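# 3D, please:
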Amino acid sequence: MPKPIKPIVGVDLGGTNINVGIVDAAQLRLVPGSRVNKKTQAVQGNKVVVDRITLAVEEALDGAGLTHRDVSGLGIAAAGAVDAARGVVLKGGNLGFTNFPLGETLQKRTGLRTSVENDVNAAVYGEWKHPGGAITGCAEALGVWIGTGVGGGLVINGKLYSGGFYTAGEIGHMTMFPGGPTGRRTVEEVCSRTAISDRLLALISSGHPSSLRAMVEQEKAVLLEKSRKDAKDKGKITWQFENNKILRSKSIAMAFHKRDPLTTHVIHEAAGYLGSTIAGVVTLLSLPYVVLGGGLTEALGEPWVRAVRTAVRERAFPAECKKVEVVGTKLKDQAGIIGAALLSRDARRR
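Residues are numbered from 1 along each chain as shown. Got it, this is the predicted structure:
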């Protein structure tokens, strides 16, 4: 009689949040009660990040009513450049990691066999390997995740492709406007939710009408009051608005779906730029499938996917490449967790 397949712990590790879930390896869905979210607190250093991951894993196991012996391994989807073979985060961006042996460190802390992969690579892997994923069974595909930043992942010849420097798919760092103003040159600086928030706030501040204006002013007032309460020296408050906290994906999506003219213009502008860059990758590699994910994609939904798809097909070359399928994520905010778990599962099989 075959042994039951043990569940796997998946961790989606970003600069802001740690999302953990335990994946039923047979049915490929999250075990009820296992979903845990914690703030990363990366500014406090590597040890704190590892402590918080370990705590989140323990809470996920407790919530699912499982112990370490009940699971087969731990998969980490980490933001940044990752050498998956060694489990090392070469450069972790907002995580603050540099050549950090995350896999080995967590394996010692948890006692679980641990694999590490780039966060978007893991999400794309989930969409590719899960039966309900957006690109299930595709031999060649590009994934582009749009949220606070823009990341990407590639499936080439039926394999997740990392490249010689472990950074393949990093479409967000491609330069769109070499001669553009500082801060508006790369895909990430123009098409991310951060970039869209910045652009909308700048246009609203310069007098362009928008239904977002009242919400922006209200949010600024709330954040300013909070800063006053948190300030140690009440008489010397220094305050800088963080645009990402004022205009989140949900607020942008709400204005977009209500057809606010300014928001619609900025969103379609970003979709055109993003689609143009994706078209270049499709042309370069002759890719038949593209999947879009991330917080902004989830919030904006099919109208955003459709706008990007239109731009890709307009600019892809030659005519055959204009047939490329551009679809939205099916696994949504579980893609990274499920992908990390599946990578851990498949690493054991090799």
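# buried residues in the longest helix anywhere in the chain?
Once the chain is assigned using DSSP state H, the helix that runs over the most residues is helix 261-285. Taking 16 or more other Cβ atoms under 10 Å as the basis for neighbour counts, the residues of helix 261-285 that come out buried are 262-264, 266-268, 270-283. Bear in mind the C-beta positions are built from the backbone N, C-alpha and C, glycine included.
# give me the helices and strands touching the helix or strand that comes right after that helix, please.
Sequence-wise, the next helix or strand beyond helix 261-285 is strand 289-293, with elements assigned using DSSP states H and E. Using 3 or more Cβ pairs under 8 Å, 6 or more residues apart in numbering; DSSP states H and E as the contact criterion, the secondary-structure elements in contact with strand 289-293 are helix 119-129, strand 141-146, helix 302-315, strand 325-328.
# tell me the helix or strand right after the helix or strand of the chain with the lowest mean pLDDT.
Using mean pLDDT, DSSP states H and E, helix 243-246 stands out as the lowest-scoring helix or strand of the chain, at a mean of 66. Following helix 243-246 in sequence order, the next helix or strand is helix 249-257 (DSSP H and E).
# tell me the angle of the longest helix of the chain relative to strand 289-293?
Note on geometry: by axes from the mean of the first three to the mean of the last three Cα atoms, to 10 degrees, helix 261-285 and strand 289-293 are set 140 degrees apart in direction.
# now the angle between strand 141-146 and helix 261-285, please.
Helix 261-285 runs at 150 degrees relative to strand 141-146, counting by the same axes, to 10 degrees.
# who are the packing partners of helix 261-285?
Using 3+ Cβ pairs under 8 Å, 6+ apart as the contact test, the elements touching helix 261-285 are strand 141-146, strand 150-156, helix 187-191, helix 193-205, helix 249-257, helix 302-315.
# any chance of the helices and strands packed on strand 289-293 in CSV, plus mean neighbour count and mean pLDDT?
Written out in CSV, the entries for the helices and strands packed on strand 289-293 read as follows (neighbours: other Cβ atoms under 10 Å; pLDDT from 0 to 100):
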stretch, mean neighbour count, mean pLDDT
helix 119-129, 29, 97
strand 141-146, 28, 98
helix 302-315, 19, 98
strand 325-328, 19, 98
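# tell me the contacts of residue 13?
The neighbours of residue 13, taking Cβ atoms under 8 Å, 6 or more residues apart in numbering as the test, are 40, 49, 53, 76-79, 95, 119.
# min pLDDT across those residues, which one?
Among the contacts of residue 13, residue 95 carries the weakest pLDDT, at 89.
# thinking it is in contact with residue 89, fair?
Yes - counting by Cβ atoms under 8 Å, residue 95 does reach residue 89; the two are 6.9 Å apart.
# the two: who's more crowded?
Neighbour tally, residue 95 and residue 89, criterion other Cβ atoms under 10 Å: the higher count belongs to residue 89, 28 against 22.
# contact partners for that one?
Under the criterion of Cβ under 8 Å, 6+ apart, the contact partners of residue 89 comprise 78, 80-82, 95, 97-100, 102, 116.
# the same query, at a cut-off of 6 Å, please.
By Cβ atoms under 6 Å, 6 or more residues apart in numbering, the contact list for residue 89 reads 78, 80, 82, 97, 100, 102.
# in a strand, it, correct?
Yes - when DSSP: H, G, I helix; E, B strand; the rest coil is applied, residue 89 is found to be in a strand.
# excluding chain neighbours, what is closest to it?
residue 97 (4.1 Å; Cβ to Cβ, 6 or more residues apart in numbering).
# neighbours of the one you found, how many?
Using other Cβ under 10 Å, the number of residues around residue 97 comes to 23.
# backbone phi and psi for the residue nearest to residue 88 when sequence neighbours are not counted, please?
Distances taken as Cβ to Cβ, 6+ apart place residue 101 nearest to residue 88, at 5.3 Å, with adjacent residues excluded. In terms of degrees, to the nearest 10, the main-chain angles of residue 101 are phi -80, psi 70.
# quick check: residue 101 vs residue 280, distance?
According to Cβ to Cβ, to the nearest Å, residue 101 stands 35 Å off from residue 280.
# can I assume residue 343 sits in a helix?
Yes - when three-state DSSP is applied, residue 343 is found to be in a helix.
# nothing else from me, thank you.
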